[in-house]
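Enquirer: Quick one: sequence plus predicted model below, questions after.
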Amino acid sequence: MKISKSVIPQVAVLTQLTLKGQFDSFRGILQYVKLHGPWRLYRMEGRPGEQRLLDLKRWGCTGIITGACDKKEAALIARAGVPVVVVEPSPPMREKSHPLSKYPSTRYDSYACGRLAAEYFLTRHYKQFAFVADSLNLYWSLERERGFRDTVEQAGGECRTYGELTPSEKSDWAIEQPRMQKWLRSLLKPTALFVAMDGRGRQVLDACMGAGITVPDDIAVLGVDNDDLICDATFPTMSSVQTTGQLSGHWAAEQLDLMMHGKTLKKNIYTSTPTRIITRRSTDATVIPDKQIARALDYIWKEAGRQAIHVPDVVSKIGSSRRFAETHFKAIVGRTILEEIHRVRLERVCALLAETNLPIGEITHQCGFERESYLARLFKKRFDISMSSYRRAMRNSSFEDSSELF
């Protein structure tokens, strides 16, 4: 059926596309438009010679998805008089006095990101921890540090933080690099180092190479965003926290669509959380001194989420009797071999439930479980929620409703 030109929404997407998470969010918007469009989209590209879209009313704008912006830009958006959704507003934009604070918005749980990073390293039995912020100490970087530090300290550890940069260091990596190398040399080895973003992680790995520090044996490095163009191009390749920008973008487009169709919505906030960590060479090491147990753990971490491995398979890696292997493994790791296999498999199950539309039966097969009913019981016992409820919660329940209507 031919759609009249007058009823096709004209949507301005005024978000930056410089970071992986921003690209993922835009992909989520396009995903929604493909399913529920068409929309006529204006996308801010930031290229040389690009025309700005300043007169939104004259263009015929019917809706706006915007990212962080200054007060002048926010005033222009508010004066357009059309539905608005805000993607990752900065703290000043969340204040009630801000002209865009009343609209639905998406937020990334950076504290949870830091917590996940700490749990990842704690599981690998690291005793020394450190954090490197982004060069400007932005609010999301500080939140990631706080989540990482709190989790490490709750486990009885300590976290060293790389200091704030001088103005000249902020503007020139060549000036900062010697200081970064000196600080990295000062860390006790081995250290688990969490970096606020992949781009900054690339600089850390470069500094490690220049300082003669071996990664991951001396320092294990973990970034955020899982930007393939960065993570696969570093030496060694960099592990990173996987974010969920596409789900946020899809939700933002859905909210805007509802408002453009006349729905009056509450001030919803969609909070996306990190789902898993993609392990590459920069953290692919264990600090457990017992080589037999380290070998067994490495085998579990690499294979348990991809195929059906069993306790005897792990015992064979330890090279002893089953009774000794079971007792020795639990004494060092704090979990039985079977519990560790289940933990790794369930991490993979959670990731597939949150990030894909695969049927639960297919997830059962991919994660090495023989029966869906057995996985269902195990999942319920571990998380006190069914797999289908978990999937809905990850996609639909990260909303904070405000009683304030607009």
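Expert: It's in.

Enquirer: To which secondary structure element is residue 235 assigned?
Expert: Assessed by DSSP states H and E, residue 235 sits outside every helix and strand.

Enquirer: How many residues are close by it?
Expert: Residues lying near residue 235 (other C-beta atoms under 10 Å) number 13. All C-beta spots, glycine's among them, are computed from the backbone N, C-alpha and C.

Enquirer: where do the strands sit along the stretch 251-400 of the chain?
Expert: Secondary structure of the stretch 251-400 of the chain (DSSP state E, counting those that start in this stretch): strands located at 269-272, 276-278, 399-400.

Enquirer: right, so these: which one is the most enclosed?
Expert: Of all the strands of the stretch 251-400 of the chain, strand 269-272 carries the top mean neighbour count, a mean of 20, counting by mean count of other C-beta atoms under 10 Å.

Enquirer: so which of the strands of the stretch 251-400 of the chain gets nearest residue 263?
Expert: strand 399-400 (15.0 Å; C-beta to C-beta).

Enquirer: what sits up against stretch 149-161?
Expert: 114-115, 118-119, 122, 126-133, 145, 148, 187 (C-beta atoms under 8 Å, 6 or more residues apart in numbering).

Enquirer: ok, now stretch 84-103?
Expert: Residues from elsewhere that reach stretch 84-103 (C-beta under 8 Å, 6+ apart): 15, 22, 25, 63-69, 71, 74-75, 77-78, 83, 104-108, 139, 248-249, 252-253, 255-256, 259, 267, 404, 406.

Enquirer: Can you flag the buried ones in those residues?
Expert: 15, 22, 25, 63-69, 74, 77-78, 83, 104-108, 248-249, 252-253, 255-256, 259, 267 (16 or more other C-beta atoms under 10 Å).

Enquirer: out of the residues you listed, which are inside helices?
Expert: Among these, DSSP state H puts 22, 25, 74, 77-78, 248-249, 252-253, 255-256, 259 in helices.

Enquirer: can you redo the residues you listed as JSON lines with distance to residue 34 and pLDDT?
Expert: Formatted as JSON lines, these follow (distance: C-beta to C-beta, whole Å; pLDDT from 0 to 100):
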{"residue": "22", "distance to residue 34": "19", "pLDDT": "86"}
{"residue": "25", "distance to residue 34": "15", "pLDDT": "89"}
{"residue": "74", "distance to residue 34": "29", "pLDDT": "90"}
{"residue": "77", "distance to residue 34": "25", "pLDDT": "89"}
{"residue": "78", "distance to residue 34": "29", "pLDDT": "89"}
{"residue": "248", "distance to residue 34": "17", "pLDDT": "87"}
{"residue": "249", "distance to residue 34": "12", "pLDDT": "91"}
{"residue": "252", "distance to residue 34": "15", "pLDDT": "93"}
{"residue": "253", "distance to residue 34": "10", "pLDDT": "94"}
{"residue": "255", "distance to residue 34": "17", "pLDDT": "93"}
{"residue": "256", "distance to residue 34": "15", "pLDDT": "95"}
{"residue": "259", "distance to residue 34": "20", "pLDDT": "93"}
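
Enquirer: and of the residues you listed, the nearest to residue 57?
Expert: Distances from residue 57 to those, taken by C-beta to C-beta, are shortest for residue 77, at 11.5 Å.

Enquirer: So which elements touch the longest helix along the chain?
Expert: Ordering each helix of the chain by length in residues (DSSP H) puts helix 337-355 first. In terms of contacts (3 or more C-beta pairs under 8 Å, 6 or more residues apart in numbering; DSSP states H and E), helix 337-355 is packed against strand 276-278, helix 291-303, helix 311-318, helix 322-333, helix 360-366, helix 372-383, helix 387-396.

Enquirer: now what about the third one, what contacts it?
Expert: The set of residues that contact helix 311-318 without belonging to it, under C-beta under 8 Å, 6+ apart, is 292-293, 295-296, 299-300, 321-322, 325-326, 328-329, 337-338, 341.

Enquirer: Now do the contacts for the most far-flung residue of the chain relative to its centre.
Expert: Most distant residue from the mean C-alpha position of the chain: residue 321, 40.9 Å away (C-alpha atoms, centre = their mean). Taking C-beta under 8 Å, 6+ apart, we find residue 321 in contact with residue 315.

Enquirer: Name the residue closest to the centre of this structure, please.
Expert: Note: the chain centre (C-alpha atoms, centre = their mean) maps to residue 243, 2.6 Å.

Enquirer: Tell me the spacing between the nearest residue to that residue once chain neighbours are set aside and residue 269.
Expert: Nearest non-adjacent residue to residue 243, counting by C-beta to C-beta, 6 or more residues apart in numbering: residue 21, 5.1 Å away. Going from residue 21 to residue 269 by C-beta to C-beta, to the nearest Å gives 17 Å.

Enquirer: next one: residue 183
Expert: Distance of residue 183 to residue 269, given as C-beta to C-beta: 37 Å.

Enquirer: Export the helices and strands packed on helix 337-355 to JSON lines and append columns for distance to residue 95 and mean pLDDT.
Expert: JSON lines is the format used below for those (distance: least, C-beta to C-beta, whole Å; pLDDT from 0 to 100):
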{"stretch": "strand 276-278", "distance to residue 95": "33", "mean pLDDT": "87"}
{"stretch": "helix 291-303", "distance to residue 95": "44", "mean pLDDT": "83"}
{"stretch": "helix 311-318", "distance to residue 95": "54", "mean pLDDT": "88"}
{"stretch": "helix 322-333", "distance to residue 95": "47", "mean pLDDT": "87"}
{"stretch": "helix 360-366", "distance to residue 95": "42", "mean pLDDT": "90"}
{"stretch": "helix 372-383", "distance to residue 95": "36", "mean pLDDT": "90"}
{"stretch": "helix 387-396", "distance to residue 95": "28", "mean pLDDT": "74"}
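
Enquirer: looking at these, which is closest to residue 218?
Expert: helix 291-303 (16.2 Å).

Enquirer: Can you give me the buried ones in that closest one?
Expert: Across helix 291-303, burial judged by 16+ other C-beta under 10 Å covers 292-297, 299-301, 303.

Enquirer: Same question for stretch 331-342.
Expert: 332-333, 337, 340-342.

Enquirer: and if you look at stretch 347-356?
Expert: Quick answer for stretch 347-356 (16+ other C-beta under 10 Å): 347-355.

Enquirer: and the least confident of the residues you listed?
Expert: In terms of pLDDT, the lowest of the buried residues of stretch 347-356 is residue 355, showing 74.

Enquirer: Cool, thanks, talk later.
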